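K.L.:
following is a predicted model, sequence given first.
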Amino acid sequence: MGDPRIIIAKRAALEVESGMVVNLGIGIPSMVTDYLQPGTQVFFQAENGILGMGPTPEKNPDPNLSNAAGLPVSILSGGSYFDSALSFGMIRTGLIDLAILGALQVSVKGDLANWIVPGKRVPGVGGAMELAYGAKNLIVVMTHCEKDGSPKIVENCTLPLTTPRCVKKIITERAVFRIEERKMTLEEIMPGFSLQDIQKNTPAAFEISPQIK
């Protein structure tokens, strides 16, 4: 079936359209740029203050130019960089068309938990809270289950929330779900998986799109 992370990133890339201002979280979201459709013209924004972010430089990266995860990046022609106050102003005023973030848990209502597991040290929530609230559209990309098999798509999140009722779509290596009006609908089943498999590994209640039946 291939690398789940690549499967997820390839499917998420189909959600990106030319002309969008897009913010990508760390981890799987950052891989989306590798699988954009040919000719797609996008403005990638980083909350540390970049608009028009380009690919990772192959050599001699600028040590002062990085994305929000601290990884070296380039800037496309016409791109710009600025302070984090302006960057978060863009996010909070709804100027980000699409945010793609990772998650630890998502509930059927679209609640997002993606920043802390109790008892584990983390540097902080970062910009996830603002992105989840301020972006026009929020897509979560994540593996369907944890390594121990426990589900990540749940009826109610048990981990501390980042933002309630904000997720519009979930993309995993097994399925794609749409969330509207606090209801979750299965839209796609990834190759190699069945409806029975999705039902077995998704304890949360969901409807099934007519195109699947």
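P.N.:
Structure's in. What do you need?
K.L.:
could you tell me how many residues sit around residue 167?
P.N.:
27 (other CB atoms under 10 Å). To be clear about C-beta, it is placed using only N, CA and C from the backbone, and glycine gets the same treatment.
K.L.:
quick one: contacts for it?
P.N.:
The contact partners of residue 167, taken as CB atoms under 8 Å, 6 or more residues apart in numbering, are 103, 106, 110-112, 132, 138-140, 179.
K.L.:
can you tell me which two in those are farthest apart?
P.N.:
When these are compared pair by pair using CB to CB, the two farthest from each other are 111 and 139, 14.9 Å apart.
K.L.:
and the next helix or strand past the host helix or strand of residue 7?
P.N.:
Secondary structure from DSSP states H and E places residue 7 in helix 4-13. Scanning forward in sequence from helix 4-13 by DSSP H and E, the next helix or strand is strand 21-24.
K.L.:
most neighbours of all the contacts of residue 167, which one?
P.N.:
Neighbour counts for the contacts of residue 167 peak at residue 140, which has 31 neighbours (criterion: other CB under 10 Å).
K.L.:
wait, isn't that residue in contact with residue 103?
P.N.:
Yes - in this structure, residue 140 is within contact of residue 103 by CB atoms under 8 Å, at 4.5 Å.
K.L.:
got any residues that touch both of those two?
P.N.:
Counting by CB under 8 Å, 6+ apart, the shared contacts of residue 140 and residue 103 are 112, 114, 167, 170.
K.L.:
from those residues, which two are the most distant?
P.N.:
Between all members of those, the farthest pair (by CB to CB) comes out as 114 and 170, at 11.9 Å.
K.L.:
intersection of neighbour lists for the two?
P.N.:
By CB under 8 Å, 6+ apart, the residues touching both residue 114 and residue 170 are 103, 140.
K.L.:
alpha carbons of stretch 190-200, as CSV, please.
P.N.:
As requested, the backbone C-alpha atoms of stretch 190-200 are provided in CSV (Å, rounded to 0.1, in the frame of the first residue of the first chain):
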residue,chain,number,x,y,z
MET,A,190,-8.5,4.8,-0.1
PRO,A,191,-7.3,2.0,-2.3
GLY,A,192,-6.6,-1.2,-0.4
PHE,A,193,-9.2,-0.6,2.3
SER,A,194,-12.9,-1.5,2.6
LEU,A,195,-15.9,0.1,4.3
GLN,A,196,-15.8,-2.6,6.9
ASP,A,197,-12.2,-1.7,7.7
ILE,A,198,-13.1,1.9,8.1
GLN,A,199,-16.0,1.1,10.4
LYS,A,200,-13.9,-1.2,12.5
